[in-house]
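Participant: Need a 3D model of the sequence below.
(one chain, ligands or ions: 2)
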Amino acid sequence: MSTATIMSVCNNDCSDCCDGTSDKSENCRKITTTVLEPCVPLPLSDEVLDDILPKAKDYALLHGAGMRYKASYDQDTLQMAPFFLLPSAFPRREFERVVKLQPLINVLMHKIAHNHEFLENCLKKTVKVDDFTGRLWKIYTTVREEGMAQELSLGLVRSDVMLTKCHAGCCKLCETPPYVSCHQVEVNTIASGFGHMGPISGSINRYVLGELRRPDLLPHLPENNALSGLCSGMVLAWEAYKCPKSVILFVIEDVTYNICDQRFHEFEIRRQRPELHVIRRNLTQISQTGQLTDDKRLIIDGDEVAVVYFRAGYEPGHYHSEAEWEARLTIERSRAIKSPSIQCHLAGTKKVQQEIARPGILKKFLPDSEAELVSNLFTGLYTLDLGAEGDAAIRMATEDPERFVLKPQREGGGNNFYGDEIRTVLEKMKDSSEREAYILMDRIRPPVQHNYLVRPHESVKLVEVVSELGIFGVVLGTDKEITINTYSGHMLRTKPSSVNEGGVAAGLGALDSVFLFD
Ligand code: ADP
Ligand code: MG
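Facilitator: Ligands and ions are numbered 1, 2, ... in the order given. Have a look, this model is predicted:
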């Protein structure tokens, strides 16, 4: 039986310094690539591929692994979303570790969102130089000064991690099998997508393994209830609002390409509560028809809104004019339960992530033992604020940009800088406060493996890939009390190892699922 295993390959032909399981020198650490073995022997024969591909594509399309066409949007047509034919190997120890940590991440993000002093200290410089974060901050302070109309806040968060062999002294986890550990890329607090696509990718891969006559491998694919878990969060928030006729509002982009990942949420909510309605509006429409009653109920076209679920509003392009900003303010002023509330949105900024990673900060929010467990997830994060600390980070990044990622306060993929670009960008702004809109992060080098990339209208390709695992969590509570706190499923996105970022919607990455190995 073939099951995934892990091995380290020394790229520099220096086998005397690397025994394949641990790094013995600093030099070796830089040149070692960790390779994960696939779940079945590769390559598959042409006959097998010819047989399996049409079935897998139909399975994907017929189960809603689809997207709208980007080139020519047509609301009557769906295209298959890109996916990997086989599930990707992922060490069980690390999967189970991050699943167990998710409730702690939920609490952490919730508490940070409700700690005004901490948020202000983290963001006070950023909001002066980054217009977008500045506008969010203004909404936050406005509603805070007016008095928040709704105490409950619903977090539908996703913590994204990648495997890596960590530096010596980082944590003990890489000293024992599987010799890699999960490190956090970011925590998303707004529009954390793939609650449908995550589980459905697992179903595609299960089907493929079945067709390959390997049902023996199915127990390696963990259960994934992301869709029902996230929707339960919304339903529970709706119940907490205590108005049976009220609706859930999805705040959407003007054009939704990733439509399946939203519609299936609507269908699942309807399945859980047949009497509950979801309405969908973009911020422009909300600016035109949204109203607040004297007691701050949010009314859209006659419907009272109990829960607002933002699938848009996280990037400047979603706010075309002042009208959309007004709409966001109206929502935040209302007594609807927001996912996320403005404070929770701000807690998910990259700047806050960098500040949380400072020594001792986690202990302000979590008991010591839990803080230590969460801190093992962090990789190096560095401030670029004006001053000695920021100067040192800039020197470090300019000397060896390949070791870092430079990040602005943006969400949605495609905004970060890598390699030589980092040098160029830092050179330009190194003496100005503009740099305070960015953070610097250690670049995570995940293990590589091989998998078949299936894209619409392209022939299937066996490619070297790396994966990013997203762990969903649901947290509902006030600043005083958390009433719901759960791990709520997962998703795996995989991309060719040659690309820096691999958004599925952007076409570089693709849907995938985890194949656990011991
Ligand atoms: P966004 O909010 O745009 O999703 P992310 O921080 O998640 O921003 O970065 C986008 C992508 O860039 C990630 O999905 C990952 O592929 C890549 N990336 C981000 N940070 C790192 C890192 N520290 N090391 C390696 N890759 C990274
Ligand atoms: Mg991301």
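Participant: so which helix or strand takes in whichever residue of the stretch 51-200 of the chain sits closest to ligand 1?
Facilitator: When distances are taken as Cβ to the nearest ligand atom, the stretch 51-200 of the chain reaches nearest to ligand 1 at E186, 4.0 Å away. In short, each C-beta sits where N, CA and C put it, glycine included. Per DSSP states H and E, E186 falls inside strand 181-188.
Participant: what packs against whatever helix or strand comes next after that strand?
Facilitator: The helix or strand immediately downstream of strand 181-188 is helix 197-211, counting by DSSP H and E. Secondary-structure packing of helix 197-211 (3 or more Cβ pairs under 8 Å, 6 or more residues apart in numbering; DSSP states H and E): helix 46-62, strand 83-84, helix 226-241, strand 482-496, strand 510-512.
Participant: Can you check which of these gets nearest to K100?
Facilitator: With Cβ to Cβ, the closest approach to K100 among the helices and strands packed on helix 197-211 belongs to strand 482-496: 7.7 Å.
Participant: Is the closest one in proximity to ligand 1?
Facilitator: No. Residues of strand 482-496 are not located near ligand 1 by Cβ under 6 Å from any ligand atom, the shortest gap being 6.6 Å.
Participant: Would you agree L362 is in contact with S369?
Facilitator: No. The pair L362 / S369 is not scored as a contact, 11.0 Å apart, by Cβ atoms under 8 Å.
Participant: Of those two, which one has the most company?
Facilitator: Per other Cβ atoms under 10 Å, whichever of L362 and S369 has more neighbours is L362, with 21 against 7.
Participant: Please report how far the closest residue to that one other than its chain neighbours lies from G229.
Facilitator: Here the nearest residue to L362 in space, its sequence neighbours aside, is A371; by Cβ to Cβ, 6 or more residues apart in numbering that works out to 3.7 Å. As judged by Cβ to Cβ, to the nearest Å, A371 and G229 stand 25 Å apart.
Participant: Next: V127.
Facilitator: For V127, the distance to G229 - Cβ to Cβ - is 33 Å.
Participant: who's more crowded, the two?
Facilitator: Neighbours per residue (other Cβ under 10 Å) separate V127 from G229, with V127 holding more: 25 against 21.
Participant: Run through the residues that contact that one.
Facilitator: V127 makes contact with 133-134, 137, according to Cβ atoms under 8 Å, 6 or more residues apart in numbering.
Participant: Any chance of TSV for those residues, columns neighbour count, pLDDT and secondary structure?
Facilitator: Output for these, formatted as TSV (neighbours: other Cβ atoms under 10 Å; pLDDT from 0 to 100; DSSP: H, G, I helix; E, B strand; the rest coil):
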residue	neighbour count	pLDDT	secondary structure
T133	22	98	helix
G134	15	98	helix
W137	21	98	helix
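Participant: could you dump the residues you listed to a markdown table with distance to V35?
Facilitator: Listed next are the contacts of V127 as a markdown table, based on distance: Cβ to Cβ, whole Å:
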| residue | distance to V35 |
| --- | --- |
| T133 | 40 |
| G134 | 45 |
| W137 | 45 |
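Participant: quick one: which of those is nearest D76?
Facilitator: For these, the nearest to D76 is T133 (38.6 Å; Cβ to Cβ).
Participant: CA atoms only: put the longest helix along the chain into PDB for me.
Facilitator: Using DSSP state H to define each element, the chain has its longest helix at helix 92-113. Taking Å, rounded to 0.1, in the frame of the first residue of the first chain, the C-alpha atoms of helix 92-113 are listed here in PDB:
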ATOM      1  CA  ARG A  92      -1.700  13.900  10.700                       C
ATOM      2  CA  ARG A  93       0.100  15.200  13.700                       C
ATOM      3  CA  GLU A  94       0.200  18.700  12.300                       C
ATOM      4  CA  PHE A  95      -3.400  18.600  11.000                       C
ATOM      5  CA  GLU A  96      -4.700  17.500  14.400                       C
ATOM      6  CA  ARG A  97      -2.600  20.100  16.100                       C
ATOM      7  CA  VAL A  98      -4.000  23.000  14.200                       C
ATOM      8  CA  VAL A  99      -7.600  21.700  14.500                       C
ATOM      9  CA  LYS A 100      -7.100  21.600  18.300                       C
ATOM     10  CA  LEU A 101      -5.700  25.100  18.300                       C
ATOM     11  CA  GLN A 102      -8.500  26.600  16.400                       C
ATOM     12  CA  PRO A 103     -10.800  27.400  19.400                       C
ATOM     13  CA  LEU A 104      -7.800  29.200  21.000                       C
ATOM     14  CA  ILE A 105      -7.300  31.300  17.800                       C
ATOM     15  CA  ASN A 106     -11.100  32.000  17.900                       C
ATOM     16  CA  VAL A 107     -10.800  33.300  21.400                       C
ATOM     17  CA  LEU A 108      -7.700  35.300  20.600                       C
ATOM     18  CA  MET A 109      -9.200  37.100  17.700                       C
ATOM     19  CA  HIS A 110     -12.400  37.800  19.600                       C
ATOM     20  CA  LYS A 111     -10.600  39.200  22.600                       C
ATOM     21  CA  ILE A 112      -8.300  41.300  20.400                       C
ATOM     22  CA  ALA A 113     -11.300  42.700  18.600                       C
END
